[in-house]
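> sequence plus the predicted model coming up.
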Amino acid sequence: TSEYASATKNIYFTIRTVATVGNYDYMFSYEFYMDGSINIVVRASGYIQSAYFAKNEHYGYQIHDFLSGSMHDHVLNFKIDFDILGTSNTMTTAANVAATEVYPWSKGKARNTMKLQRGTIENEDQAKINWASNGATAFTVVNTDAKNIYGESRGYRIHPSSPTIHLTVENSSNLEKAANWAKNDLYVTRQKDTEPKSSHPYQSQDVFNPPIDFDAFFDGESLVQEDIVVWANVGMHHVPHTGDLPNTVFTTAHSSLVLSPLNYLLGSPTRETVNMVKILYGGDEGTTVETFGQGTAECAVPSVQGLMPDLTQYVGDQVIRKFPYDPNHPYFETESI
C-alpha cells in the first residue's frame, strides 16, 4: 500500500473582457493553465429580439402573452496563429477509428478494436472543417521539423471544451456572403498580412458585396510546413424560452475551445509547481503534511490594484448599427438595401 498521497492545485490565470453588440453582452474569458493549455470561453447575455406569436411554433416557443422567442444562432470567430517552434507548421489529424484485427496472440480469432488513423490537411481546398462525430478526430498544429525525443511532432491541439456550433443555414438568403466564416467549425489558411480578419464592422451593410468575403481566402495553396492560421468558431444555437425573460443567462449561453500541448513537453509541468501538498501516513506516529511553496513570500499573490483601468476616462467606441437601416424604408427586407 502507498505510504503517502499528493495533490496539485489546478490554479489558472484568467483575463476577461465584455463586448456589447446591440442587445447582447458577450463575456470573453482567456484561461491560462499550468500545463500550457489555454481555454477560450464565451458567454452571452442580454435581452432577446422576439416576435409576435401567431401559430409560428416551428420558429420558436411561445414565451409570454402573444410573444414568440425567435430562434437564431450565435457564432463567434477567433483567429489563432500558433507558430509552433517557428512559422513552418502543419495541421494534422488523428482519428479514433473502429477496426477488426487478427493478432498473433488471438489464435486466429478476429478482435474488434480501434486504431489511430493519422492524416494531414495538405492544402486550402481541404481546410474547411467540421468537428468529427463523437469527437473522434483530433486536430493539431505541429512543426514536423521539430520532433521530441520519441520522434513525435511537437504541437498544440485545438478542440471544444464545451459545445460549439456553426450556422444552421449554410446558404442563408439573408446573410449571403457576409458570414462565410461561420459555415464550418474550423478553417486553416496561409498567413497573409492582406487577410488580417474574417469579418468587418460594416459587413452587414452590403451582404452581397461585403468588405471581406472570407471564401476568397481559400485558393488551394499548400498548408504543409507553411506559416498557417487557424480560424475557429464558438457559439450556441439559441431557441429562447421563458427563462430568457427578462434576460438570457450565462449558464447555458456558453461555448468554449481549448488549445492544449500535444507531445510538446516531455511531461506535465504541473510536477514543477509550488502549489502541491503531500500527506504522509504516519500510523501510530500520526499523519504529517508537507506543502511546497505555499504561504511563502516568494509565492505571495501581488496586488493587481495598480493594473485596474481608470474607467472614468472611457469615452466609448465607434457605434455601428447591428442591422442595416434605411430611414426611408424602416421595415425593410435584406434585398431592399
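It's in. Residues are numbered from 1 along each chain as shown.

> hmm, Thr144 is touching Thr90, no?
Yes - if you go by C-beta atoms under 8 Å, Thr144 and Thr90 touch, sitting 5.6 Å apart. Where C-beta positions appear, they are placed from N, C-alpha and C, glycine not excepted.

> sec struct for the most centrally placed residue in the chain, please.
Centroid-nearest residue in the chain: Leu257, 2.7 Å away (criterion: C-alpha atoms, centre = their mean). Three-state call for Leu257 (DSSP: H, G, I helix; E, B strand; the rest coil): strand.

> need phi/psi at the closest residue to it other than its chain neighbours.
Nearest residue to Leu257, sequence neighbours excluded (C-beta to C-beta, 6 or more residues apart in numbering): Ile40, at 4.8 Å. When read as degrees, to the nearest 10, the backbone of Ile40 gives phi -110, psi 120.

> isn't the residue nearest to the centre of the chain up against Ile165?
No - contact criterion C-beta under 8 Å: Leu257 and Ile165 do not qualify, at 12.0 Å.

> flag every buried residue along stretch 205-221.
Across stretch 205-221, burial judged by 16 or more other C-beta atoms under 10 Å covers Gln205, Val207, Pro210, Ile212, Phe214, Phe217, Phe218.

> I meant stretch 45-62, not that one.
Ser45, Gly46, Ile48, Ser50, Phe53, Gly60, Tyr61, Gln62.

> so of those residues, which ones are in helices?
Of these, none are assigned to helices by DSSP state H.

> pretty sure Ser162 sits against Thr251.
No - contact criterion C-beta under 8 Å: Ser162 and Thr251 do not qualify, at 11.6 Å.

> so for the two, which sits in the more crowded spot?
Set side by side, Ser162 and Thr251 show more neighbours around Ser162, with 15 against 9, by other C-beta atoms under 10 Å.

> so what sits opposite the spatially closest residue to the more buried one that is not a sequence neighbour in the bridge?
Spatial nearest neighbour of Ser162, chain neighbours left out: Ser256 (4.5 Å); criterion: C-beta to C-beta, 6+ apart. Note on Ser256: beta-bridge partners Val41, judged by DSSP bridges.

> okay, stretch 131-148 in PDB with CA atoms only?
Listed next in PDB are the C-alpha coordinates belonging to stretch 131-148 (Å, rounded to 0.1, in the frame of the first residue of the first chain):
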ATOM      1  CA  TRP A 131     -15.700  18.600 -35.800                       C
ATOM      2  CA  ALA A 132     -16.000  14.800 -36.200                       C
ATOM      3  CA  SER A 133     -18.900  12.900 -34.900                       C
ATOM      4  CA  ASN A 134     -18.300  11.500 -31.400                       C
ATOM      5  CA  GLY A 135     -15.300  13.800 -31.000                       C
ATOM      6  CA  ALA A 136     -13.300  11.100 -32.700                       C
ATOM      7  CA  THR A 137     -10.800  13.300 -34.600                       C
ATOM      8  CA  ALA A 138      -8.100  15.400 -33.000                       C
ATOM      9  CA  PHE A 139      -6.800  18.400 -34.900                       C
ATOM     10  CA  THR A 140      -3.300  19.500 -34.100                       C
ATOM     11  CA  VAL A 141      -0.900  22.200 -35.400                       C
ATOM     12  CA  VAL A 142       2.600  20.700 -35.400                       C
ATOM     13  CA  ASN A 143       6.000  21.500 -36.600                       C
ATOM     14  CA  THR A 144       7.100  18.300 -38.400                       C
ATOM     15  CA  ASP A 145      10.700  19.600 -38.400                       C
ATOM     16  CA  ALA A 146      10.700  19.800 -34.500                       C
ATOM     17  CA  LYS A 147      10.200  16.400 -33.000                       C
ATOM     18  CA  ASN A 148      10.500  15.200 -29.400                       C
END
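
> many thanks, we can stop here.
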